[in-house]
Each structure stands twice: as structure tokens, then as C-alpha cells.
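Colleague: Sequence and predicted structure are below.
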Amino acid sequence: MNGARGARRRGGGYERPVGGWSNFEVWSWFFMRLSGLALILLALYHLVWWNLVVGVEHLDSQLVIERWRNPFWRLFNVALVTFAMLHGLNGARYSIEDYVRRPGARLAVKAIVYTVVLGALAVGVFALLTFDPAVLLQRS
Amino acid sequence: MRTARFLTLGAALRYRGGTQMWAWALHRLTGLGVLAFLILHVVDTALVIYRPDLYDAMLATYRHPIFRVGEYLIFLSVLYHAANGLRIVVQDFWTPLMRHRKALLAASTAVVVAAALPIAWVMLGPVLGLREEPGAARHRERCLREPTAPACVAPTAKARTASPETGR
């Protein structure tokens, strides 16, 4: 299955896998690069804002709720968490396929990692999409 | 080339691929580290919509210096992964640039090294008492407006000194 992945390139990166768009590894190769470019903007903005501008010491539930009242920031976070989790999951898959060699063990490790990562993604997206500030500000 | 993708960890450590190989290894390491953090971060932030009180209690734990150092390392890991990843994308889509791969690696590494110290100053300086927390002015203004906000009544000594006007 991983035999279709492109060869590692001297100086970083991997060759684009051979084959057309029916080959999952071709999609995977492009996805890593395009989501990576998007994440440079999304993740670095997120890090700079919360760590350098707001300051983690000043963070609390009300600040997050205030931020999430704006649909733009909820959408921003949906994009950030989705790209980041899928980019990370595919990267973890590369490592599993490289280092876990026994077919049974590989399947087991993949099952666990896929479940945890996709589960966390589902929790995050669910929270962002069902967010209701009216209920929350009373409760906090 | 193909067999190089199937090394055991021990063989990988003995393999002498030079700086380009270390850049690749660090890309993996930072990627897996950030993924582990991300899972935790997303699940605990989702708490906000179910139990804001638990979220605030959890933030109090994260104010410990050990987490502040961890947050700095996460920041650096993302920065390295971004710079090195951008280098890879540039090389992959403009293959003639592969001739300059050494210079490109030097440039992407230089960006991370140059940013490491100023970011440490902003994120870790306050932990050592060398400077104010980033965003302290904005926080003081906020606490005048909403003195009951959880971050304004935080039980830590640092939060108290950060907002003297509220008298807390």
C-alpha cells in the first residue's frame, strides 16, 4: 500500500508519486503541500495572536466565548483544526508505515491513531458548530 | 532511494545523511510533537462550550512555568515545521531550485534561529520576572471594564500584580 509513495528526495521532500488522480498517494502528496501552505498562515496567526498579543496569562473562558461569538472566527477555527488534524494524521501515517513493520501491529497502531485524531477533530468541529453564546455567558 | 524509507530507528541514527537528513528528522519529530499537543489542545478547548468553569480551572494548571516552557517549545516546533515545510514546497514545485538546496536550508533554519530569542523574551521573559506579560496593557483595560472576568480574579500572584487597579 505504501509502496506507491514517492521516493525520498535528497535535500528534503518526496518525489511526486507516479500515477494519476486515482492514486491515493498522489492526492496525499498534494494535500500535504497545499494544507501545509494554508497552515503556515492559519497556525502562525493563531500562535502569534494568543501567545504574543493576548498572552496566555490573560486567557479565560469569557475571552474564548467572546471571540467565538463572531462566526468568522468560528469558521477560521474550523478550517484551522480540520487542516491541522488531517495534515497531522497523514504525517503520522507516514511515520507508522516507516517504523511499524509487522502488518498486524501496523493495523493496530493505525486503528488507534486514526480513532484518536479523528475523534479529537470531531469533538473540536462539533463544539465550534454547535456553539451558542446566549446559553454560555449565563453559565460561565 | 526506496529502501531509505524503510529504516529502523537504530539504522536511521547510524545513517549519515548530513544536515539535510537532520532537517528531515526534525520535521518528523516536530510534526508528531505538535500533533500530540493539538489533540489535547482541541479537546480541552472544546470544554469551553460545555463546562466553562472546568476550562478556567484547567487554565490555572497551565499557568505553571513548566507549561509555559512547553508552550514556547510548541511555538518553536510549529515555526520550524512551517519554515522547513515551505522550503520543501518551494523545492518540490520549482525543481531547478534543488541546486540551491543547501542555501535554502540555511535560510529556513536562519529564520527559526533568528525568531527563537525574541519569542523567548516575550513568552518566557515574564516567567522569569524580566518583563511584563505580553498583552498586559490590554488585559488591564479589560479588567477595568469586566472586573469579574475569570482572568481578572485569577488566584495567582502574577495576575494580582498584573491588575493593580482592580485591587485584586
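Modeller: Ah, there it is.
Colleague: Can you show me the helices along chain A?
Modeller: Taking DSSP state H as the test, the helices found in chain A are A:24-47, A:61-68, A:71-99, A:103-129, A:133-139.
Colleague: So, low pLDDT: which residues of chain A?
Modeller: Within chain A, the segments meeting pLDDT under 70 span A:1-3, A:136-140.
Colleague: still on that earlier bit, ok, which of the helices of chain A comes nearest B:R140?
Modeller: helix A:61-68 (14.3 Å; CB to CB). All C-beta spots, glycine's among them, are computed from the backbone N, C-alpha and C.
Colleague: and the angle from the closest one to helix A:71-99?
Modeller: Taking axes from the mean of the first three to the mean of the last three CA atoms, to 10 degrees, one finds helix A:61-68 and helix A:71-99 inclined to each other by 100 degrees.
Colleague: does any bit of helix A:61-68 sit next to chain B?
Modeller: Yes - interface with chain B: helix A:61-68 contributes A:61-65, A:68 (CB under 8 Å from any CB of the partner chain).
Colleague: Leaving out chain neighbours, which residue sits closest to residue 126?
Modeller: Going with chain A. Using CB to CB, 6 or more residues apart in numbering or on different chains and skipping residues adjacent in sequence, the residue nearest A:F126 is B:A46, 7.5 Å away.
Colleague: wrong one, I was asking about chain B
Modeller: B:E133 (4.5 Å).
Colleague: so the one you found sits right up against A:H58, yeah?
Modeller: Yes - between B:E133 and A:H58 there is a contact under CB atoms under 8 Å: 6.9 Å.
Colleague: Just want to know which of those two has more residues nearby.
Modeller: With neighbours defined as other CB atoms under 10 Å in any protein chain shown, B:E133 and A:H58 compare such that A:H58 has more, 24 against 21.
Colleague: rewinding a little: after the helix or strand harbouring the residue nearest to A:F126, next one along is what?
Modeller: Taking DSSP states H and E as the criterion, B:A46 maps to helix B:18-50. Sequence-wise, the next helix or strand downstream of helix B:18-50 (DSSP H and E) is helix B:52-62.
Colleague: by how many degrees do that next one and helix B:18-50 diverge?
Modeller: Going by the same axes, to 10 degrees, helix B:52-62 makes 140 degrees with helix B:18-50.
Colleague: hmm, helix B:52-62 touching chain A?
Modeller: Yes - contact of helix B:52-62 with chain A (CB under 8 Å from any CB) involves B:52-53, B:55-56, B:59, B:62.
Colleague: Filter those residues down to the buried ones, ChimeraX style.
Modeller: A single ChimeraX command selects the buried members of the residues of helix B:52-62 next to chain A (16 or more other CB atoms under 10 Å in any protein chain shown):
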select /B:52,55,56,59
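Colleague: Out of the residues of helix B:52-62 next to chain A, which is nearest to A:M32?
Modeller: For the residues of helix B:52-62 next to chain A, the closest approach to A:M32 (CB to CB) belongs to B:Y62, at 30.4 Å.
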